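S.K.: A structural model of the following input is requested.
(2 chains, ligands or ions: 2)
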Amino acid sequence: MAAPELVIDNLHVSVDGTPVLKGLSLVVRGGEVHAVMGPNGTGKSTLAQTLMGHPRYQVTSGRVTLDGEDVLALKTHQRSRLGLFLAMQYPYEVSGVTTANFLRAAINARRTETEPIRLKDFRDELDRAMDVLHIDHSFANRYLNEGFSGGEKKRNEILQMLLLKPRIAVLDEIDSGLDIDAVRIVSEGVEAMRGPDLGMLLITHYQRILNYVTPDVVHIMFDGRVVRSGGPELAADLEQRGYEWIREEV
Amino acid sequence: METSAATAVSSELRVRQQEFFATEPAWHRAERQRSLTLYEGMPIPERPRTPLTGRRLEAIPYLERRPGPVPAGVRAAATVLLTPAGTADVALTPAQTAAGVIVMDLAVALTQHPDRVRQILGQIQNDAFDRYTALNRAFWHPGLFCYIPPEVEVVDPITVVHWLDGESPGYLPRMAILADEAARVTVVETLLGDPADLHRVLVSEVMEVQAREGSHVTVAGIQQLPPGAEAFLRRSAQVGKDARVDWHTGEFGGALSVAGLTTNLRDAGASMSSVTVFYGTGSQHQDYTAEVVHEAPHTRSAILARGVMGDRARSVFTGQSVIKKGAVGSDARQKEQTLMLSDQARADAIPSLQIDDNDVFAAHSASAGPVDPTMLYYLESRGLEPEEARRVVIRGFLEPVLASLAPASVQERVRELVETKLGGES
Ligand SMILES: Nc1ncnc2c1ncn2[C@@H]1O[C@H](COP(=O)(O)OP(=O)(O)O)[C@@H](O)[C@H]1O
Ligand SMILES: [Mg+2]
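M.R.: Ligands and ions are numbered 1, 2, ... in the order given. Sure thing, here's the model as predicted:
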């Protein structure tokens, strides 16, 4: 399969009738890591949730395609099967469903053409991914995110990404609420996936995670738009000068 | 005219009663007659959230008997089979028989074990509780008596299958379970009928359980009545010193199910638990009450219920924990949760605590709400189809309670019934 390509073109999105994204454009290709940075409330999660099809976010205009397919015309589960993945800023807790059973169901959901994954193969893959993320194997049998700490939930999102093998992954503040060791571990998980078959959109408020995952492109978002794009040095600039500088310039 | 018509009905009922039970011992015939008088004097119960007057229950000719065939599979699985026609032969294991366990037709036990029967029958559940408990005492048939001698542990569950044969418009079974000191037993009761059978049938069951000092009784009940059933199910237990009664209930069938559970923790150290899983679809109406009365110090209770209401189904779950003065050091907990799958489904959860002593622990919580759309979104974002995501959420909601159902055979059966409901859910 050719390298994936996500194209976001002049996207406008409203929440409860209030415009939040106001003409956002981005292109992410396989092998690339794009960091999206911006102050709180600027629309970063709105972008992430809109890409995945959260029912609360209304697209008022613009286009999104993945490998040429109209993403916005698809239902959430179809977007996932097409290869889109979102590690959520606030993952939900699902009582009564173990992480292992859920992941197996999710893997099988995308194997519509092939046999379900063999239990043994699944277990091996799960164990390997948990080792990468330093997750205790007993987590597999706990209910999905229920009673997990903030950091455990974030790791669990990355665990899901490792197993579902998306083509485009959007990681929404995967680093917030993590201590420095956890940031390093999560970064290793992200780095382990890096390659020509995966494009990543790394949404972050802080520059910290970028010490471990070096982005190819950095975008600065402000008031629902990308206001500046550049190389990794842009993130360093931001770290030094803060968001006020952007606020004054735009 | 009114009066003479009523008298005519009454004397007809009395004639029927005398005919049916002519060979019973006089003491029990007297009890039946007394209960018939009670029945005639009692109105249809008023339940604010379960309107009964519009259901035309009185139009059901519940005393008629039209015995029908029993499918072979139904009979094979059970220790004992009960049908509107009566109590069929009992198949105890040799070990159970050798240990002195008695499982027999209650009508026979009236004559063969009158002393033991009189210690329990009508002693745990007040006949005057409501119109349907009085009706049951006046006309119960079939009946089952179980007695577990002191210190005896019955390893294999005693399985009781009630088969509604598809013709009879009434079913009034009676169960009496007596666990003597330090006995242990599990009774699994299944109320079963042909799911394709739509005819109306009035069911009034009364079960009485006495758990004497140090004994442990588990009663698991699976309600899979046919869709035309209008059921009143009363189960009551009295728990002695350091004894324990565990109720495990799965409620799935019938048009109407008014199921009430009352446990009296009579002596110090007595405990009870009740775990209920219920699932209503179509226009089913399910009304449950789990009540526990702490009468003695250091008694413990835990009431747990989870239910799912789909389509236009309606449920009411009332948990009632009463702690009497002097029941120091007691511990009473309740938790009821219902998930509503449609806008037209309704669920009420009504927990109540009535505490007359200060030195106790009591906690309750109740909730009823719809499926969380953001939870569905989370699951769909991993590739699950909307319908599959919904099933995952429903299964997940029930799972913690399902996992605590015992014995294993009952848990398995209840899981199957949940899956059947999930499959039929629209
Ligand atoms: N689910 C929501 N409900 C109400 N307002 C929302 C919701 N999501 C986003 N918003 C609003 O949209 C704006 C952007 O929010 P968000 O996308 O979460 O920003 P960021 O992720 O950059 O912090 C904010 O003003 C926020 O209040
Ligand atoms: Mg955000």
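S.K.: next, count neighbours for the closest residue to ligand 1 within the stretch 151-300 of chain B.
M.R.: Residue of the stretch 151-300 of chain B nearest ligand 1, by C-beta to the nearest ligand atom: B:Y279 (32.1 Å). Just so you know, the C-beta spots here come from the backbone N, C-alpha and C atoms, and that holds for glycine as well. Residues near B:Y279, counting by other C-beta atoms under 10 Å in any protein chain shown, number 28.
S.K.: that one: which element?
M.R.: When elements are assigned from DSSP states H and E, B:Y279 belongs to strand B:271-280.
S.K.: related to what we said a few turns ago, so who does the residue of the stretch 151-300 of chain B closest to ligand 1 touch?
M.R.: For B:Y279, the contact set (C-beta atoms under 8 Å, 6 or more residues apart in numbering or on different chains) comprises B:251-252, B:307-310, B:398, B:417-418, B:421.
S.K.: out of those, name the two that are farthest from one another.
M.R.: B:M309 and B:L417 (15.1 Å; C-beta to C-beta).
S.K.: and those two? Which one has more around it.
M.R.: The residue with more neighbours, out of B:M309 and B:L417 and counting by other C-beta under 10 Å, is B:M309; that gives 24 against 19.
S.K.: can you tell me the closest non-neighbouring residue to the more buried one?
M.R.: In this structure, B:M309 finds its nearest non-sequential neighbour in B:A345, 3.9 Å apart by C-beta to C-beta, 6 or more residues apart in numbering or on different chains.
S.K.: what about that neighbour, distance to B:Q284?
M.R.: From B:A345 over to B:Q284 the distance is 10 Å, taken as C-beta to C-beta, to the nearest Å.
S.K.: what touches both of those two?
M.R.: B:313-314.
S.K.: list the buried ones in the lowest-mean-pLDDT helix or strand in chain A?
M.R.: One helix or strand of chain A scores below all others by mean pLDDT, DSSP states H and E: helix A:244-249, with a mean of 77. Buried residues in helix A:244-249, counted by 16 or more other C-beta atoms under 10 Å in any protein chain shown: A:I246.
S.K.: list the contacts of that helix.
M.R.: Defining contact as C-beta under 8 Å, 6+ apart, one finds that helix A:244-249 is touched by A:39, A:220, A:222, A:227-228, A:237-238.
S.K.: the residue of chain B found nearest ligand 2: neighbour count?
M.R.: Taking C-beta to the ion, ligand 2 has its nearest neighbour within chain B at B:T374, 14.9 Å off. Burial of B:T374 is recorded as 12 neighbouring residues (other C-beta under 10 Å).
S.K.: and it, that's in a helix?
M.R.: Yes. Secondary structure of B:T374 (DSSP: H, G, I helix; E, B strand; the rest coil): part of a helix.
S.K.: re the thing from before, can you add pLDDT, neighbour count and distance to ligand 2 and give the contacts of helix A:244-249 back as a markdown table?
M.R.: Putting the contacts of helix A:244-249 into a markdown table (pLDDT from 0 to 100; neighbours: other C-beta atoms under 10 Å in any protein chain shown; distance: C-beta to the ion, whole Å) gives the following:
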| residue | pLDDT | neighbour count | distance to ligand 2 |
| --- | --- | --- | --- |
| A:P39 | 90 | 16 | 10 |
| A:I220 | 94 | 25 | 15 |
| A:F222 | 93 | 18 | 14 |
| A:V227 | 94 | 16 | 17 |
| A:R228 | 93 | 16 | 19 |
| A:D237 | 85 | 17 | 22 |
| A:L238 | 83 | 21 | 17 |
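S.K.: on the pLDDT front, check the residue in chain A positioned nearest to chain B for me.
M.R.: Residue nearest to chain B within chain A: A:G96 (3.1 Å; C-beta to the nearest C-beta). Looking at A:G96, its pLDDT stands at 92.
S.K.: touching, it and B:I394? I think so.
M.R.: No. Contact criterion C-beta atoms under 8 Å: A:G96 and B:I394 do not qualify, at 9.1 Å.
S.K.: need the residues touching each of the two.
M.R.: In contact with both A:G96 and B:I394: no residue, using C-beta under 8 Å, 6+ apart.
S.K.: buried ones in stretch B:249-267?
M.R.: For stretch B:249-267, by 16+ other C-beta under 10 Å, it's B:249-267.
S.K.: can you give me the mean pLDDT across it?
M.R.: What stretch B:249-267 shows for mean pLDDT is 97.
S.K.: stretch B:413-426 and chain A, any residue contact?
M.R.: No. Using C-beta under 8 Å from any C-beta of the partner chain, stretch B:413-426 stays clear of chain A, coming no nearer than 11.6 Å.
S.K.: that older thread, and the least confident helix or strand of chain A, does that touch ligand 1?
M.R.: No. Helix A:244-249 lies out of reach of ligand 1 by C-beta under 6 Å from any ligand atom, never closer than 13.3 Å.
S.K.: can I get that helix in CSV? Just the C-alpha atoms.
M.R.: Extracted as CSV, the C-alpha positions of helix A:244-249 are listed here (Å, rounded to 0.1, in the frame of the first residue of the first chain):
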residue,chain,number,x,y,z
GLU,A,244,2.2,35.6,24.2
TRP,A,245,4.5,36.2,21.4
ILE,A,246,2.2,34.5,18.9
ARG,A,247,-0.8,36.3,20.4
GLU,A,248,0.9,39.6,19.8
GLU,A,249,2.0,38.8,16.2
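S.K.: now do the SS call for the residue lying closest to B:D127 once chain neighbours are set aside.
M.R.: Computed as C-beta to C-beta, 6+ apart, the closest residue to B:D127 that is not its neighbour in sequence is B:R137, at 4.2 Å. What three-state DSSP gives for B:R137 is helix.
S.K.: wouldn't B:R137 be in contact with B:E31 here?
M.R.: Yes. Contact criterion C-beta under 8 Å: B:R137 and B:E31 qualify, at 6.5 Å.
S.K.: higher neighbour count, these two?
M.R.: Higher neighbour count among B:R137 and B:E31: B:R137, with 27 against 18, using other C-beta under 10 Å.
S.K.: give the contact list for that one.
M.R.: B:31-32, B:35, B:38, B:122, B:127, B:174, B:206.
S.K.: now do 7 Å
M.R.: B:R137 is in contact with B:31-32, B:35, B:122, B:127, counting by C-beta atoms under 7 Å, 6 or more residues apart in numbering or on different chains.
S.K.: got it, and B:M340?
M.R.: Counted by C-beta under 7 Å, 6+ apart, B:M340 has contacts B:309, B:347, B:368-370.
S.K.: where does the stretch 1-150 of chain B get nearest to ligand 1, residue-wise?
M.R.: B:R49 (35.2 Å).
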